[in-house]
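S.K.: Next comes the sequence, and after it the predicted model I'd like to discuss.
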Amino acid sequence: MVISVYCQRPTESLGGQPPTSDIKEPGVASAATTFPRAGTVFVVFTGIVITVLGLRELAWLVTPAAFALFIVILIHPVYTWSRRSSSIPSGRRGGWPAS
């Protein structure tokens with residue numbers, strides 16, 4: 001079949017030998033050793049600085065959102081406990097009597 005020729009695995013097309021990706025040309029370093037540690041430190045430090053400066057500029061938005069999240073995390077367990085202990089009536093089972 002013609003289609004089976006195009007669907008062969010690379011190991012079959014090379015006569016049963018696995019493809020070699022270790023071919024090294026003279027003067028070419030591997031990708032893992034081309035970026036120095038100082039460059040990595042510089043990129044990480046730059047990312048931290050950009051994040052901190054961005055948070056300082058968006059403090060008007062981040063602060064209320066973080067405060068709201070804090071309140072929800074703080075109040076939700078109290079609300080759940082009070083619903084279980086029936087101190088707050090649910091809308092389906094009766095409720096407070098009408099005045």
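M.R.: Right, received. Where do you want to start?
S.K.: now the helices for this structure?
M.R.: Remark: helices of the chain, listed N- to C-terminal, are 2-6, 10-13, 37-57, 59-84; assignment by DSSP state H.
S.K.: Put together CSV for those, with mean pLDDT on each row.
M.R.: Output for those, formatted as CSV (pLDDT from 0 to 100):
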stretch, mean pLDDT
helix 2-6, 54
helix 10-13, 52
helix 37-57, 95
helix 59-84, 90
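S.K.: JSON lines for these, including mean neighbour count?
M.R.: Using the backbone N, CA and C atoms, a C-beta is placed for each residue, glycine as well. Formatted as JSON lines, the entries for the helices of the chain read as follows, by neighbours: other C-beta atoms under 10 Å:
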{"stretch": "helix 2-6", "mean neighbour count": "7"}
{"stretch": "helix 10-13", "mean neighbour count": "10"}
{"stretch": "helix 37-57", "mean neighbour count": "10"}
{"stretch": "helix 59-84", "mean neighbour count": "10"}
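S.K.: Can you pull the phi/psi pair for Leu58?
M.R.: Taking degrees, to the nearest 10, you get phi -100, psi 20 for the backbone angles of Leu58.
S.K.: Pull up the gap between it and Val44, please.
M.R.: Distance of Leu58 to Val44, given as C-beta to C-beta, to the nearest Å: 21 Å.
S.K.: ok, now Arg56?
M.R.: In this view, Arg56 and Val44 are 19 Å apart by C-beta to C-beta.
S.K.: ditto for Ile75
M.R.: 37 Å.
S.K.: next one: Ala66
M.R.: In terms of C-beta to C-beta, Ala66 sits 24 Å off from Val44.
S.K.: Equivalent analysis for Phe70, please.
M.R.: Here the distance between Phe70 and Val44 works out to 29 Å (C-beta to C-beta).
S.K.: Kindly report the same for Leu55.
M.R.: Shown here: Leu55 relative to Val44, a distance of 17 Å by C-beta to C-beta.
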